[in-house]
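[1] here's my sequence, what's the structure:
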Amino acid sequence: MIIATGRRNSTPDQLAPSTSSATEDALPRARTLRAELEKFAGHLANIYEGYFQDFPTHMHMSFYHDVLSEVENLEKDIYSEDALSRHRISSSNLPYLHAVWDAAKNSKDIVKLRHPVFSGPFKRRVLAPGIRIKDIMSQGGSEPKRDQDGRSIRIDLICDGGLSWYRVSTITNRRLLFDMAKEAMYCGDSDDSGSAGVAAEDLSDVPLVKMARTLKTVAQGHRIRNSNPVPGLILPRIWEGEHAEIDRLINLCRDMGLRVLSGNELVPPPPLSEDLLLEMVPSPRRSITPELNIDTSVLVALTSDISHLQITKQPWFGQSQKDHIDLEASGPLIPQLCSLLEHHTLVCTREAATSLARIVHTMGTASENARAHLLLTPDDSITHEQRVKSLRALSIHGDGVLSRLQLPIRVADTNIDLEKNGRKDELDMIIREQLEVLAQPGRSVFSWGWSQGLTTVTCNICA
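    I've put the predicted structure just below:
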């Protein structure tokens, strides 16, 4: 969401500084922008410290490098005696970078700044970056691969947890009129009746319309939380109500399904503060409940030899085992899981516990059976410290098994708890459709977690 108002703000002529003033102010403004981004980076590092995910701390890096490059170029040109230096300063990319940052400061739940996404062709919808379940961030599968050069576009701002995509353009009314004139459009104030019936297809090759159409197509090729991201255009230097043909073009973009915010609607961003930073990117721990509902997939991950030992692929391994080994090679799962689970009371459904028992008793190794016992079986003969120590001894990631991990995991009798909670009818009405796509024991795990108001932790990518 971009904070906007329906009120008409100052016109570009009222806002634009003189050329000499803009040139003198360029470097201080660029340095201020850099400083604010560094403060933003510090905020990301702070809220994600010790968290099981760290990639969100890099969400701004592409944009930050653009700003650094702009500052370096301005520092060279501002003191240069080159006759063209003033021209380079006046035509710098700084207004655009400021417009992106102003939009970010008016946004909530930012996921990425200046992020490239795959532009197709799409064989199926691609998972978009964003928040998927209870503030758990996903990088998605949208970033273009190395062999897909030329098949991407850059999204300036991904916010609202990934549900909103915005491109920012600093095109002006004058430039837009020029682009329309190039397409043989009449854009004056004449009452000539020949200009009254402009067809939508006559606008199709105007660059801004082409950008809108591309953005819509790419957004439709992605999904986040079972829906497409909503595309949008932010046009801080376009003013509606001055030229009928510009208004017609803007409305055409809106008719495509894009949110279009012009200079009339945008409000100046508030000063950067700790409160504002928490609105822009909230703490990932904000909605995680003190008690966590553990899915079968997490129980398997906490038990599996592949998670705890150095396992080599074997010809008889199934694809899921091979995929798990590849994931471990890129980043061990146990330290990530334990950093998420520590400090929380852990509970799982009886169906999830039974499913794990069936798996380890049927095909588990001795060490996997031992881990399952330590995770789930109450035993008054051993202390919590001894249980954690024993689990560490069964893992090459022993340091990642944190002492504050609350073991054993409590096994809940879901039928009794559902009746005790008294929300079974409400649960059936709200999530019946979503649960129908899940097989057991996932259906019972999620239905129980939602009925109790608990965060459910899963390794299942389809959740």
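[2] pLDDT below threshold where in this protein?
    For the chain, the stretches with pLDDT under 70 are 1-23, 52, 133-135, 142-150, 184-201, 400, 402, 415-438, 460-463.
[3] middle-most residue in it, spatially?
    Centroid check for the chain by Cα atoms, centre = their mean gives residue 130 as the closest residue, at 2.7 Å.
[4] for the biggest helix by length in the chain, name the packing helices and strands.
    Longest helix in the chain by number of residues (criterion: DSSP state H): helix 19-47. Here helix 19-47 is seen to pack against helix 61-78, helix 85-90, helix 94-105, helix 274-280 when contacts are counted using 3 or more Cβ pairs under 8 Å, 6 or more residues apart in numbering; DSSP states H and E. Using the backbone N, CA and C atoms, a C-beta is placed for each residue, glycine as well.
[5] CSV for those helices, including distance to residue 333 and mean neighbour count?
    Shown next, in CSV, are these (distance: least, Cβ to Cβ, whole Å; neighbours: other Cβ atoms under 10 Å):
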stretch, distance to residue 333, mean neighbour count
helix 61-78, 25, 17
helix 85-90, 50, 15
helix 94-105, 32, 21
helix 274-280, 29, 14
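[6] closest one to residue 327 among those?
    For the helices and strands packed on helix 19-47, the distance to residue 327 is smallest for helix 61-78, at 23.5 Å, taking Cβ to Cβ.
[7] and the closest one, C-alpha only, in CSV?
    Provided in CSV are the C-alpha atoms of helix 61-78 (Å, rounded to 0.1, in the frame of the first residue of the first chain):
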residue,chain,number,x,y,z
MET,A,61,21.2,-3.9,-2.1
SER,A,62,20.4,-3.4,-5.8
PHE,A,63,18.9,0.0,-5.0
TYR,A,64,21.7,0.9,-2.6
HIS,A,65,24.4,0.2,-5.3
ASP,A,66,22.5,2.4,-7.7
VAL,A,67,22.6,5.2,-5.1
LEU,A,68,26.3,4.6,-4.3
SER,A,69,27.1,4.9,-8.0
GLU,A,70,25.1,8.1,-8.3
VAL,A,71,26.9,9.6,-5.3
GLU,A,72,30.3,8.7,-6.7
ASN,A,73,29.5,10.3,-10.1
LEU,A,74,28.2,13.5,-8.5
GLU,A,75,31.3,13.7,-6.3
LYS,A,76,33.4,13.6,-9.5
ASP,A,77,31.3,16.1,-11.4
ILE,A,78,30.6,18.6,-8.7
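[8] just use 14 as the starting number from now, easier for me
    Sure, I'll start numbering at 14, so the last one becomes helix 74-91.
[9] does residue 120 belong to a helix, a strand or coil?
    Following DSSP: H, G, I helix; E, B strand; the rest coil, the label given to residue 120 is coil.
[10] can you list phi and psi of it for me?
    Backbone torsions for residue 120, taken as degrees, to the nearest 10, come to phi -110, psi 170.
[11] isn't it up against residue 169?
    No - at 10.8 Å, residue 120 and residue 169 do not qualify as touching, with contact defined as Cβ atoms under 8 Å.
[12] hmm, back to that, would you mark the buried spots in the longest helix of the chain?
    Of the residues in helix 32-60, 35-36, 39-40, 42-43, 46-47, 49-50, 53-54, 56-57, 60 count as buried by neighbour count, 16 or more other Cβ atoms under 10 Å.
[13] which helices and strands sit right next to the strand or helix carrying residue 460?
    In the assignment (DSSP states H and E), residue 460 maps to helix 455-465. For helix 455-465, the packing partners by 3+ Cβ pairs under 8 Å, 6+ apart come out as strand 304-307, strand 358-362, helix 363-376, helix 427-434, helix 437-448, strand 468-470.
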